[in-house]
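Chemist: Pasting the sequence and the predicted coordinates here, then a few questions.
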Amino acid sequence: MFSNPEGRAASLKALYNLSGLDDNATILVDSAVLPALTGILFINQDTLSELKELAASTMANIVSNPGHWELASADKEGNSMQSESFIYTLLGVLSLAFLPCQISILQILYGIASSPQASESVACHIKSGEGIKIILPFLEHPEVENRIQAFRLTRLLSERYGQDIAHELRPCHKLSLFKDKLLDEQSADSERADAACIFANLFLSEDEVKTLLEVNFVRWIASTLINQRQTSNGRISRPASSMLEGLLGLLLEITKNLNPQTLSTLKEHSLVTIFHHHLNYPSNPRVKQLATLGLKNLSGYARSVAAMESEPQPPHGLCSHLTFMCGRSSLQTSKCPIHNIPCEEDSQLCLLKNNCIMPLVDLLNDKDTSVQIAAVEALSTLVIDTFSSSNFKRAVDELEQLGVIEAVITLFTEVRPGELQERTVWIIERILRVENHRHSLNQALVWAYSNITRFGE
């Protein structure tokens with residue numbers, strides 16, 4: 001097909017047009033066109049740039065969806081598309097290729113790296129082949145399409161190698177690149193959405209979080225999330241969904257290192273409300289997981305605040321933390337059954353007062369295991385028995401009335417052994433410390449629980 005130089009261009013154009021359809025892509029792979037395309041793209045130095053671009057674009061189309069190509073030979077030596085050799089070859093020519101070919105090579109790398117079967121090994125090959133260092137400069141490329149493809153690929157890599165990306169950008173003071181991109185309304189929506197996700201996946205130090213996620217930027221994030229929710233009308237584009245995921249991830253970073261100073265940020269922007277509103281986001285499990293983990297962190301910090309505030313203090317000492325945690329406190333206000341201190345309706349850390357417990361219980365039945373695990377983790381913060389046995393009993397009684405205990409037990413008996421079941425065991429073990437709840441557990445649960453604890457299943 002490609003042996004005749006005069007007909008090579010026409011043949012490649014025909015292949016390119018055919019490769020745009022999934023069914024045709026499978027046929028092309030079965031016809032062993034990949035080694036021929038690899039030869040044109042990488043080996044034949046005298047090939048015209050136009051033909052190289054057609055070969056690269058055709059290959060990008062073929063790998064745009066999972067398929068036969070995952071196990072097919074990519075070259076005459078029999079190396080697969082996901083092999084270290086082939087990935088290194090792509091990385092080697094990326095910076096040297098002319099503009100249109102660069103775009104297609106970035107697309108090829110993204111297609112291979114996003115394949116469920118190849119993603120882990122390909123990401124590893126990209127990292128070991130200095131791919132992160134090679135790809136990151138394309139984030140600031142003057143051509144829009146190059147940047148779009150680079151941001152898309154970097155986002156995928158950041159899910160596994162966020163720490164390496166941060167390490168690469170830190171010496172050249174480029175960590176703010178993603179924040180600047182987010183705030184640049186002239187950039188493409190897809191660029192900004194991917195920048196948000198990459199930013200959230202970076203491993204930042206506590207000082208870097210304070211510097212980059214400063215008050216004005218957090219205010220912008222909160223305002224953007226609120227506006228998006230008000231204008232979406234239940235419909236949201238893929239870039240908007242990715243942007244939502246990234247922004248929630250950034251807010252989650254703030255909740256990882258809470259202190260009395262950052263509590264003012266929680267109150268000003270009502271982060272607990274933002275997380276609550278996204279618990280039942282329909283089309284993106286990652287959004288639900290991030291919102292749930294945000295509530296987990298807030299509730300976990302509530303425990304430490306409550307433990308401190310429950311200690312005997314002069315009346316004036318009640319104002320410091322409770323003003324942020326539970327609104328304006330009052331000695332006459334009834335104590336929260338979870339925290340054993342007064343929690344008012346405008347609490348920023350109490351899941352009970354913010355009506356977050358039942359939505360978390362609903363997430364125990366989510367189809368995504370990562371969401372279920374996050375929900376169990378969040379609910380676990382409610383049964384940490386740091387107070388007296390009588391106070392803990394009151395908390396467990398409240399959770400029983402809300403149906404939390406029954407839901408956790410049901411989940412425990414239905415799921416397979418693994419992390420999710422282990423998380424439920426942690427809650428059940430603490431419930432068993434309360435005398436009257438030991439007798440409420442049915443025999444099947446006691447039998448299953450005893451087996452797990454006995455054999456370590």
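Modeler: Structure received.
Chemist: Which residue ranges of the stretch 251-400 of the chain form helices?
Modeler: 263-269, 271-277, 285-309, 322-325, 357-363, 369-380, 389-401 (DSSP state H, counting those that start in this stretch).
Chemist: mean pLDDT for those: which is lowest?
Modeler: Here those differ in mean pLDDT, and the lowest is helix 322-325 at a mean of 50.
Chemist: low-scoring stretches of the protein, by residue?
Modeler: Of all residues in the chain, those with pLDDT under 70 make up the ranges 1-6, 44-47, 232-234, 309-333, 345-346, 385-388, 435-457.
Chemist: In it, which residue is most central in space?
Modeler: By C-alpha atoms, centre = their mean, the mean C-alpha position of the chain lies nearest to residue 286, the distance being 5.3 Å.
Chemist: Tell me who's in contact with that residue.
Modeler: By C-beta atoms under 8 Å, 6 or more residues apart in numbering, the contact set of residue 286 is 245, 370. Quick note: C-beta positions are derived from backbone N, CA and C, even for glycine.
Chemist: that older thread, for residue 91, find the nearest of the helices of the stretch 251-400 of the chain.
Modeler: Of all the helices of the stretch 251-400 of the chain, helix 285-309 sits nearest to residue 91, with 28.0 Å by C-beta to C-beta.
Chemist: Name the residues of the closest one that are buried.
Modeler: Buried residues in helix 285-309, counted by 16 or more other C-beta atoms under 10 Å: 285-303, 305-306, 309.
Chemist: Next, count neighbours for residue 268.
Modeler: Residues lying near residue 268 (other C-beta atoms under 10 Å) number 14.
Chemist: any idea how far it lies from residue 210?
Modeler: 16 Å (C-beta to C-beta, to the nearest Å).
Chemist: which element is the closest residue to residue 75 other than its chain neighbours on?
Modeler: Using C-beta to C-beta, 6 or more residues apart in numbering and skipping the chain neighbours, the partner closest in space to residue 75 is residue 38 (4.6 Å). Residue 38 is part of helix 33-38 when elements are defined by DSSP states H and E.
Chemist: for that helix, packing partners?
Modeler: If contacts are counted by 3 or more C-beta pairs under 8 Å, 6 or more residues apart in numbering; DSSP states H and E, helix 33-38 sits against helix 49-62.
Chemist: Show residues contacting the helix it packs on.
Modeler: 8-9, 12-13, 15-16, 19-20, 25, 28-29, 33-34, 37-38, 40-41, 69, 97-98, 100-101, 104-105, 107-108, 111.
Chemist: tell me which residues in it are buried?
Modeler: Applying 16+ other C-beta under 10 Å to helix 49-62 flags 51-62 as buried.
Chemist: before we move on, the earlier item: now for the residue nearest to residue 75, how many residues are close by?
Modeler: Close neighbours of residue 38, defined as other C-beta under 10 Å, add up to 22.
Chemist: Then residue 419?
Modeler: Counted with other C-beta under 10 Å, the neighbours of residue 419 add up to 12.
Chemist: cool, and residue 249?
Modeler: The tally of other residues near residue 249 (other C-beta under 10 Å) stands at 22.
Chemist: ok and the host helix or strand of it relative to helix 285-309, angle-wise?
Modeler: Using DSSP H and E, residue 249 maps to helix 238-255. Angle between the axes of helix 238-255 and helix 285-309 is 20 degrees (criterion: axes from the mean of the first three to the mean of the last three C-alpha atoms, to 10 degrees).
Chemist: packing partners for helix 238-255?
Modeler: In terms of contacts (3+ C-beta pairs under 8 Å, 6+ apart), helix 238-255 is packed against helix 189-201, helix 215-232, helix 271-277, helix 285-309.
Chemist: Next, the buried residues of the first one.
Modeler: Read that as helix 189-201. By neighbour count on 16+ other C-beta under 10 Å, the buried set for helix 189-201 is 190-201.
Chemist: Ok, the third one next?
Modeler: The neighbour-count check on helix 271-277 (16+ other C-beta under 10 Å) flags 271-272, 274-276 as buried.
Chemist: Which strands and helices lie in contact with that helix?
Modeler: Judged by 3+ C-beta pairs under 8 Å, 6+ apart, the packing partners of helix 271-277 are helix 215-232, helix 238-255, helix 285-309.
Chemist: Derive a PyMOL selection command for the buried subset of the contacts of helix 49-62.
Modeler: Buried members of the contacts of helix 49-62, defined by 16+ other C-beta under 10 Å, are picked up in PyMOL with:
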select buried, resi 8+12+15+16+19+25+28+29+33+34+37+38+40+41+69+97+100+101+104+105+107+108+111
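Chemist: Just the ones of the contacts of helix 49-62 in helices?
Modeler: When DSSP state H defines the helices, the subset of the contacts of helix 49-62 inside them is 8-9, 12-13, 15-16, 19, 25, 28-29, 33-34, 37-38, 100-101, 104-105, 107-108, 111.
Chemist: Would you quantify the distance from the closest residue to residue 301 other than its chain neighbours to residue 271?
Modeler: Residue nearest to residue 301 in three dimensions, not counting chain neighbours: residue 258, with 4.3 Å by C-beta to C-beta, 6+ apart. Distance of residue 258 to residue 271, given as C-beta to C-beta: 10 Å.
Chemist: got any residues that touch both of the two?
Modeler: Shared contacts of residue 258 and residue 271, counting by C-beta under 8 Å, 6+ apart, come down to residue 298.
Chemist: just the buried residues of helix 49-62 now: which is nearest residue 394?
Modeler: For the buried residues of helix 49-62, the nearest to residue 394 is residue 60 (61.2 Å; C-beta to C-beta).
Chemist: And the closest residue to that closest one other than its chain neighbours, how close does it get to residue 404?
Modeler: Spatial nearest neighbour of residue 60, chain neighbours left out: residue 107 (3.9 Å); criterion: C-beta to C-beta, 6+ apart. Distance, residue 107 to residue 404, by C-beta to C-beta: 47 Å.
Chemist: now swap in residue 281 and tell me
Modeler: For residue 281 relative to residue 404 (C-beta to C-beta), the value is 22 Å.
Chemist: Over to residue 175?
Modeler: 40 Å.
Chemist: Looking at the two, which is more packed in?
Modeler: Just comparing residue 175 and residue 404: by other C-beta under 10 Å the higher neighbour count belongs to residue 404, 22 against 17.
Chemist: For that one, give me its contacts.
Modeler: Taking C-beta under 8 Å, 6+ apart, we find residue 404 in contact with 357, 361, 379, 382.
Chemist: and stretch 273-285, how far out from the chain's middle?
Modeler: Mean C-alpha position of stretch 273-285 versus that of the full chain (C-alpha atoms, centre = their mean, to the nearest Å) differs by 13 Å.
Chemist: Over to stretch 168-182?
Modeler: Remark: stretch 168-182 is offset 20 Å from the chain centroid, using C-alpha atoms, centre = their mean.
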